[in-house]
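Chemist: pasting a predicted model and its sequence here:
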Amino acid sequence: MMPNYIDICVHAFPEGADTPKRLSLVARSLGFAAIGITAHSPFWFQFFDSSAISGIEIVANSVRDLRKKIAFFSDAATIISVHGGNERINRAACSDDRVDLLMHPERGKRSGLNQVTAKIAEKNDVAVGLSFGYFWKKGDVVRSRVLAFQRQNVALCQKFGVPIVITSDAYSHFDLRAPHQLKALARLLLLTDKEATAALSSAPRNIVKHSTRKETERV
């Protein structure tokens, strides 16, 4: 039985280049059962599509700003993710059980995770998102650096039982990749085939189910 693959972090127009419908059609042709349309917080009020799995990726300038935005968007968005990279933002995101997903924590000067942050993420059931968009958009130096940091983060997630989510982080249908391509890249991060499959199927599905349940409880 084929897994129900989900690319949970895809960016549609006006932040990205394509409509949700086109992105969904291309993703399905590649082997995905569904995609999640995610808008970075500056674009949230310019786009909304109720027919797709939708979420917010909060961009914050400080921990205080992050907390304010989590409080606001937790009542407005189905899936709450945080744009990682800053060590303090990463820690604060993992400390809030309203957050579903910490995206690309390695975008700062360090890997973005340590043992303390990983333990906090596991406690609050915050998944870590691995964006593979950098692998085909950046040069060799950046790719090597990101790969090294992502390996560190994967090792910490494996050690402490933190859920891992893999995404193309696509901004157009040209950025989308088939599940088998994303799983091949996952092997570079020392993820087993079983772990990579879970990161593209059961892990994002669990986030959707959990977020939908929270939304129902608010109503």
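Modeler: Yes, it's here.
Chemist: drop to CA atoms for contacts and neighbour counts, all remaining ones
Modeler: OK.
Chemist: for the most centrally placed residue in the chain, give me its contacts.
Modeler: Nearest residue to the geometric centre of the chain (Cα atoms, centre = their mean): residue 129, 3.8 Å. Neighbouring residues of residue 129 by Cα atoms under 8 Å, 6 or more residues apart in numbering: 101-105, 164-167.
Chemist: with just CA atoms, put the strand or helix carrying it into PDB.
Modeler: Using DSSP states H and E, residue 129 maps to strand 127-131. The C-alpha trace of strand 127-131 is given here as PDB (Å, rounded to 0.1, in the frame of the first residue of the first chain):
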ATOM      1  CA  ALA A 127       8.000  18.800  14.800                       C
ATOM      2  CA  VAL A 128      11.100  20.000  13.000                       C
ATOM      3  CA  GLY A 129      10.800  20.800   9.300                       C
ATOM      4  CA  LEU A 130      13.600  20.000   6.900                       C
ATOM      5  CA  SER A 131      13.300  22.200   3.800                       C
END
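Chemist: strand partners of that strand, parallel vs antiparallel please.
Modeler: Note on strand 127-131: by DSSP bridges, its sheet partners are strand 101-103 (parallel), strand 164-167 (parallel).
Chemist: need the mean per-residue confidence for it.
Modeler: If you average the pLDDT over strand 127-131, you get 96.
Chemist: before we move on, back to that, can I get the strands paired with strand 127-131 in JSON lines including mean pLDDT, distance to residue 211 and mean neighbour count?
Modeler: Shown next, in JSON lines, are the strands paired with strand 127-131 (pLDDT from 0 to 100; distance: least, Cα to Cα, whole Å; neighbours: other Cα atoms under 10 Å):
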{"stretch": "strand 101-103", "mean pLDDT": "97", "distance to residue 211": "11", "mean neighbour count": "27"}
{"stretch": "strand 164-167", "mean pLDDT": "97", "distance to residue 211": "15", "mean neighbour count": "27"}
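Chemist: contacts for the next helix or strand after the strand holding residue 129 next, please.
Modeler: Scanning forward in sequence from strand 127-131 by DSSP H and E, the next helix or strand is helix 134-137. Contact with helix 134-137 is made by 142-143, 146, as judged by Cα under 8 Å, 6+ apart.
Chemist: rerun that using 6 Å as the cut-off
Modeler: residue 143 (Cα atoms under 6 Å, 6 or more residues apart in numbering).
Chemist: can I get that helix as PDB, trimmed to CA atoms?
Modeler: Extracted as PDB, the C-alpha positions of helix 134-137 are listed here (Å, rounded to 0.1, in the frame of the first residue of the first chain):
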ATOM      1  CA  TYR A 134      18.100  24.900  -0.600                       C
ATOM      2  CA  PHE A 135      19.500  21.900  -2.300                       C
ATOM      3  CA  TRP A 136      18.500  23.000  -5.800                       C
ATOM      4  CA  LYS A 137      18.500  26.800  -5.300                       C
END
